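Peer 1: What follows is a predicted structure for the sequence shown.
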Amino acid sequence: MKTPIWIALLLTSFSISLMANSFTLASDDIQGQLSIAQEFNSFGCKGENKSPQLQWTNPPKGTKSFAITIYDPDAPTGSGWWHWLLINIDKNTSTIPSNASASHNLPKGAIETMTDYGSATFGGACPPQGDKAHAYFFTIYALDIETLALTSKIDSALVGYMINQHTIEKATIVSYYGRGE
């Protein structure tokens, strides 16, 4: 049975309308492939270790704050690798500038917590030499709480747990990076 054309057009219009208002994360710095700017500068990597510019639109109703994480599920650890955890971003914020971590140009009240590099700061991509390109998940979380009662010394697993307990909605960009042979 064929669907009448007017029903197909109505459904397409409705789908486009929903997508136009969805919570979205974008970046001027990252695309499908990361660059040397987002590569770590240690562990054999020689990058610039700059946190990327990130911007988001259309947060869901009820958003009281945001959190950002960067995660590499391909790291050969058995549990992935946390590259950046930024919490307590004010609900009126919609962008993080490039290199905000190193330049201390974070939104007022935002807290960087411990990464798997052992520091509370952005740590860029650094997959093992010769390994396949790793996927990096840049995620913004809209939270139902104004602040997470955590400090910069808190472990990534607890930060992830608290973020997930308060997530209303999230948006993600996936980018890849490999160092070849």
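Peer 2: That came in fine, so what should we check first? Numbers count the residues shown, from 1 in each chain.
Peer 1: CA only for contacts and neighbour counts going forward, please
Peer 2: Noted.
Peer 1: show me where this structure has strands.
Peer 2: Taking DSSP state E as the test, the strands found in the chain are 24-26, 54-57, 65-72, 81-90, 95-96, 111-112, 134-143, 167-177.
Peer 1: Look up how far Ile87 lies from Ile154.
Peer 2: For Ile154, the distance to Ile87 (C-alpha to C-alpha, to the nearest Å) stands at 11 Å.
Peer 1: re the thing from before, figure out which of the strands of the chain is closest to Glu39.
Peer 2: Between Glu39 and those, the tightest spacing by C-alpha to C-alpha is seen for strand 167-177, at 8.5 Å.
Peer 1: got the CA coordinates for the closest one in CSV?
Peer 2: These are the backbone C-alpha positions of strand 167-177, laid out as CSV (Å, rounded to 0.1, in the frame of the first residue of the first chain):
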residue,chain,number,x,y,z
THR,A,167,21.7,14.2,32.8
ILE,A,168,18.5,15.5,31.1
GLU,A,169,20.0,15.3,27.6
LYS,A,170,23.4,15.1,25.9
ALA,A,171,24.9,15.9,22.6
THR,A,172,28.2,14.4,21.2
ILE,A,173,30.7,15.0,18.5
VAL,A,174,32.9,12.0,17.5
SER,A,175,36.3,12.7,16.1
TYR,A,176,39.3,10.4,15.3
TYR,A,177,43.0,10.5,15.8
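Peer 1: That strand vs strand 134-143, what angle?
Peer 2: Here strand 167-177 points in a direction 160 degrees away from that of strand 134-143 (axes from the mean of the first three to the mean of the last three C-alpha atoms, to 10 degrees).
Peer 1: which residues are in contact with strand 167-177?
Peer 2: For strand 167-177, the external contacting residues (C-alpha atoms under 8 Å, 6 or more residues apart in numbering) are 23-26, 30-35, 60, 62-63, 125, 127, 133-144.
Peer 1: What subset of those residues is buried?
Peer 2: Buried by 16 or more other C-alpha atoms under 10 Å: 23-26, 30, 34-35, 60, 63, 125, 127, 133-144, out of these.
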